[in-house]
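# Have a look; sequence and predicted model below, questions after that.
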Amino acid sequence: MENNEYLDVFLDESNEHIQTLNDQLLVLEKEPKDLQPVDEIFRSAHTLKGMAATMGFQDLANLTHQMENVLDAVKNEQISINSTIIDTVFQAVDQLDEMVMDISDGGEGTADVSHLVEQLRAIEQNQELDEEKSNKEEKTKTDSQSSSIFQEVDSYEKTVLKQSEESGYSNYEVQVTLQENCLLKAARVYMIFEVLEQVGEVIKSEPPVQDLEEENFEFHFQVLLVTKESAEEVKQRIFKVSEVESVQVTPFNLGDDQSNTASDDAAIQAESKDDKEREPKKKDKQNNNKPSSKKGTANKTIRVNIDKLDGLMNLFEEMVIDRGRLEQISADLKNPELQDTVERMSRISGDLQDIILNMRMVSVEQVFNRFPRMVRQLSKDLGKQINLEIIGAETELDRTVIDEIGDPLVHLIRNALDHGIESPQVRKEKGKSEEGHLLLKAYHSGNHVFIEISDDGAGINRDKVISKAVANQVITEEEANHLTDKQVYQLIMSSGFSTADQISDVSGRGVGMDVVKNTIESLGGTITIESEEGQGSLFSIQLPLTLSIISALLVEVENEKYAIPLSSIIETAVIKKSDILNAHDQQVIDFRGKVVPLLSLKKVLDVPVNEEKDEEFYSVVIIRKGDKMAGVIVDTFIGQQEVVLKSLGDYLGGVFAISGATILGDGQVALIVDTNALIS
Amino acid sequence: MNQKSIVFLLDEKEYAVPVEYVIAIERMQQITRVPKTPQYVQGVINLRGVVTPIIDLRERFGLIKGEETDSTRMIIIQYDKFNVGFIVDAAYDVMDIPNDAIEPAPKVIGTEEIDYINGVAKVDQRLIMLLQLNKVLSDSSAKNSAETEGLTQG
């Protein structure tokens, strides 16, 4: 198919539009009176329809077309929003999503949409009939609306129009229709604007200039023009531009505009005159906000195939290895000129590294944006009222992390909704507001990204967790008495654990939380739980910013070199042999008032020993995993280095206590120690 | 049909591996030991930026460990989705092995290596054993699946 090269673009954009549909539908559901989201939804549906039709996905086009009709009716206030409409449109969007997924999987994107189309049609027609019966004025109103779309003129524009009127200019509303076979619409629009700018000033256009430039319009558009020329003159000038089908120039009357705006909303008519003026202003503020924010992002981004970025990353990794080698050579040679140059190069490549890593960063929004829908659906299923708040969706993470983090988050949110937040009755009895609050928060801190999920629900019942853990033989009763609250909460994430009294569809089969924990740990992250019974719980996930290049401490054991990720190191220390104590066959040291178990990397990794040395001092790396610590004895510390994380390959699979390998400056492979495996 | 193969020497016997699996033949270089892997896994090397595991075929076949000499080579194989290297005594020949020269492996040899042989080819008075790659590489013991217990109680 010749459209193939456009398919990727189509899929990308479709997904974006479907996301917009979802987002804006949710906004609309909350504020059914606000017509701003309807515009957004309409625009997305419309673009989607156009793209689908061009690409030959007929079912997709049909469905979006019908959706558009309904939305159009909503926009023109022929139908008022209710939850049935929202639900149906949501279903339609889900269907669209499925079809787009199908297309991306190589399918034809066909589906039986007749049922949904019928439903949408029913909504459209049914409501239209009602409208006609109840209110004939409505009809005339929509008519006037279709002829003049400039009901919303903000105070600034109003002033300009007024002033121009006073100084002898005329205000015209110019409607231009391009020929249907016009190929370069944006270019024509540009030429028409050029012409208009010659005779006067364009105050406003519909659709906005931004959309016109991006060809986000069918074939006609309107502009508000201030000029000294006559209407006929303007018309003739526009006709000089080719491929213009028709031009209509009508005087634009400010007074009319005001009454039009007022009749826009029947409710306003009844209100005082002051309100009349305030309302349009408010609306326009929203209108203005949107395009400007869009402009900021639209102009400065390009789409790059992720494979290219991965390729760039791979090449850069090679360079990091050579950088290490150069640094080593220059340190050996001690030639000042070489040292200078190498140092400079290291600095530049360091900056380059930041940029490349940044390019791979994706905002967590990608993951977060599916949650509002999910929470909405779940709260309906569970009969709970939940207000989801998302903070820091713009926080960026490496793409590899983003790909993996979705499922664990889904699980945690489901848990919070199912087990955490109580039903409205229970909440009322407890003196809380009936609506539960779920907060999803992401933020940067140091070299890490934190994602927190907190709810104001029931919290975790310590006794319940303990009795369950004892029953499931995760711990003994003995041990249970010594556990801190935090340790108790961690038990939730041991395998075979479910505290829900009832097993529901949503969560609570006892698998899952341990999977969540494992996934997060495999990403080099940690998860901690805080909770207060009756007040709610907080699940905090700590993730590394990036996975491919990490800072590590190189250590030597006999003749072997190992890298220990800096993120899991608390500090390094040199301890006296006499400071090592023995407790239950386990060597321990007293580290800043804490008893820390000690282990020898030599023994853990079966390093062949050439000759037994009896040393007086030991070099120890203090590592941590969550709250737990351990001391790892090594022979010597080599130093800190940026290393490129590489896998050991499929053949070896998972090797105990080794999380991967890296290539050092001298071309040798050094293994990266998985400190999580050293602490249990 | 001829099978183009790389012929290599191991304990004075000739073996062959189809040329399409071979991506490189390398001289010996420093190998980084990987702990807790089977004896025959010598470790990993850096092969032009790719961390590649190395298997000592002598160890794999249960032969006596040979001395490393000037002719010792690593044959880098790409099999399935992974790269892996074999240490052999020497690798010196590319040969067309006619399909009709291949006979099934004799049952009597009685050494361990017979398990890893696909058949035997007689070419110009030479006996060449055809390596059965999936057998050589399929041992699950290479994967350290046993979850070793944590080392400390913290």
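Received the coordinates, thanks.
# Every contact and neighbour count from this point should use C-alpha atoms.
Will do.
# what are the bridge partners for residue A:221, then?
Judged by DSSP bridges, the bridge partners of residue A:221 are residue A:176.
# Can you check the pLDDT for it?
As predicted, residue A:221 sits at a pLDDT of 82.
# so it sits right up against residue A:209, yeah?
No. Residue A:221 lies out of contact with residue A:209 (CA atoms under 8 Å); the separation is 9.9 Å.
# Residues that sit against both of the two, list them.
Between them, residue A:221 and residue A:209 share no contacting residue under CA atoms under 8 Å, 6 or more residues apart in numbering or on different chains.
# okay, now the closest residue to residue B:121 other than its chain neighbours: neighbour count?
What sits nearest to residue B:121 in space, not counting adjacent residues and going by CA to CA, 6 or more residues apart in numbering or on different chains, is residue B:102, at 4.2 Å. Neighbour count for residue B:102, taken as other CA atoms under 10 Å in any protein chain shown: 18.
# List the buried residues of the helix or strand residue A:573 falls within.
According to DSSP states H and E, residue A:573 maps onto strand A:569-576. By neighbour count with 16 or more other CA atoms under 10 Å in any protein chain shown, strand A:569-576 contains the buried residues A:569, A:572, A:575.
# for the residues you listed, which one is nearest chain B?
residue A:569 (16.1 Å; CA to the nearest CA).
# tell me which element the residue of the stretch 301-450 of chain A found nearest chain B is part of?
Among the residues of the stretch 301-450 of chain A, residue A:318 lies closest to chain B, at 6.8 Å counting by CA to the nearest CA. Using DSSP H and E, residue A:318 sits within helix A:306-333.
# tell me, which of the buried residues of strand A:569-576 make contact with chain B?
Restricting the buried residues of strand A:569-576 to those within reach of chain B (CA under 8 Å from any CA of the partner chain) leaves nothing.
# possible to save those as CSV with pLDDT?
Compiled in CSV, those are given as follows (pLDDT from 0 to 100):
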residue, pLDDT
A:569, 89
A:572, 92
A:575, 89
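# Rebuild these as TSV, extending it with distance to residue A:450.
Output for those, formatted as TSV (distance: CA to CA, whole Å):
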residue	distance to residue A:450
A:569	19
A:572	26
A:575	34
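# re earlier: which phi and psi does the nearest residue to the residue of the stretch 301-450 of chain A closest to chain B once chain neighbours are set aside have?
Using CA to CA, 6+ apart and skipping residues adjacent in sequence, the residue nearest residue A:318 is residue B:49, 6.8 Å away. When read as degrees, to the nearest 10, the backbone of residue B:49 gives phi 90, psi -10.
# Residue B:49 and residue A:370: what is the separation?
According to CA to CA, to the nearest Å, residue B:49 stands 38 Å off from residue A:370.
# And the pLDDT at residue A:144?
Looking at residue A:144, its pLDDT is 40.
# Burial check on residue 94, number of neighbours?
Assuming you mean chain A. The burial count for residue A:94: 14, using other CA under 10 Å.
# please go with chain B instead
Using other CA under 10 Å, the number of residues around residue B:94 comes to 15.
# May I have the secondary structure class of the nearest residue to it once chain neighbours are set aside?
Spatially, and ignoring its direct neighbours in sequence, residue B:94 is nearest to residue B:6 (4.6 Å; CA to CA, 6+ apart). Three-state assignment for residue B:6 (DSSP: H, G, I helix; E, B strand; the rest coil): strand.
# check contacts around residue B:6.
Taking CA under 8 Å, 6+ apart, we find residue B:6 in contact with B:16-19, B:22, B:91-95.
# one step back: which SSE is immediately downstream of the helix holding residue A:318?
Downstream of helix A:306-333, the next assigned helix or strand under DSSP H and E is helix A:336-359.
# who does that following helix touch, helix- and strand-wise?
Packing contacts for helix A:336-359, counted by 3 or more CA pairs under 8 Å, 6 or more residues apart in numbering or on different chains; DSSP states H and E, involve helix A:306-333.
# distance between the helix it packs on and the chain's centre?
Per CA atoms, centre = their mean, to the nearest Å, the displacement of helix A:306-333 from the mean C-alpha position of its chain is 31 Å.
# do the same with stretch B:54-64
Computed by CA atoms, centre = their mean, the chain-centroid distance of stretch B:54-64 equals 8 Å.
# average model confidence for it?
For stretch B:54-64, the mean per-residue pLDDT is 86.
# Just the CA atoms of it, as CSV, please.
Taking C-alpha atoms only, stretch B:54-64 is exported to CSV below (Å, rounded to 0.1, in the frame of the first residue of the first chain):
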residue,chain,number,x,y,z
ILE,B,54,32.9,-17.8,26.0
ILE,B,55,32.7,-21.6,26.2
ASP,B,56,35.7,-23.9,26.4
LEU,B,57,34.7,-26.7,24.0
ARG,B,58,37.2,-29.1,25.6
GLU,B,59,35.5,-28.7,29.0
ARG,B,60,32.1,-28.9,27.4
PHE,B,61,33.0,-32.2,25.7
GLY,B,62,34.6,-33.5,28.9
LEU,B,63,38.1,-33.6,27.3
ILE,B,64,41.4,-33.0,29.0
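# Show me which residues of it are buried.
Those buried within stretch B:54-64 under the rule 16+ other CA under 10 Å are B:54-61.
# Work out for me the element residue A:123 sits within.
Going by DSSP H and E, residue A:123 is part of helix A:114-134.
# what pairs with the closest residue to chain B within the stretch 451-600 of chain A across the strands?
Nearest to chain B in the stretch 451-600 of chain A, going by CA to the nearest CA, is residue A:597, at a distance of 6.6 Å. Residue A:597 forms beta bridges with residue A:588, as assigned by DSSP bridges.
# can I assume it is in contact with residue A:582?
No. Counting by CA under 8 Å, residue A:597 stays clear of residue A:582, with 9.4 Å between them.
# who's more crowded, these two?
Between residue A:597 and residue A:582, counted using other CA under 10 Å, residue A:597 has the larger neighbour count: 26 against 12.
# where does chain B dip in pLDDT?
Counting by pLDDT under 70, the ranges of chain B that qualify are B:107-114, B:139-154.
# Next one: the spatially most central residue of it from residue B:65, what distance?
Taking CA atoms, centre = their mean as the criterion, residue B:86 is the residue nearest the geometric centre of chain B, at 4.0 Å. Distance, residue B:86 to residue B:65, using CA to CA: 14 Å.
# Check residue B:20 too.
In terms of CA to CA, residue B:20 sits 28 Å off from residue B:65.
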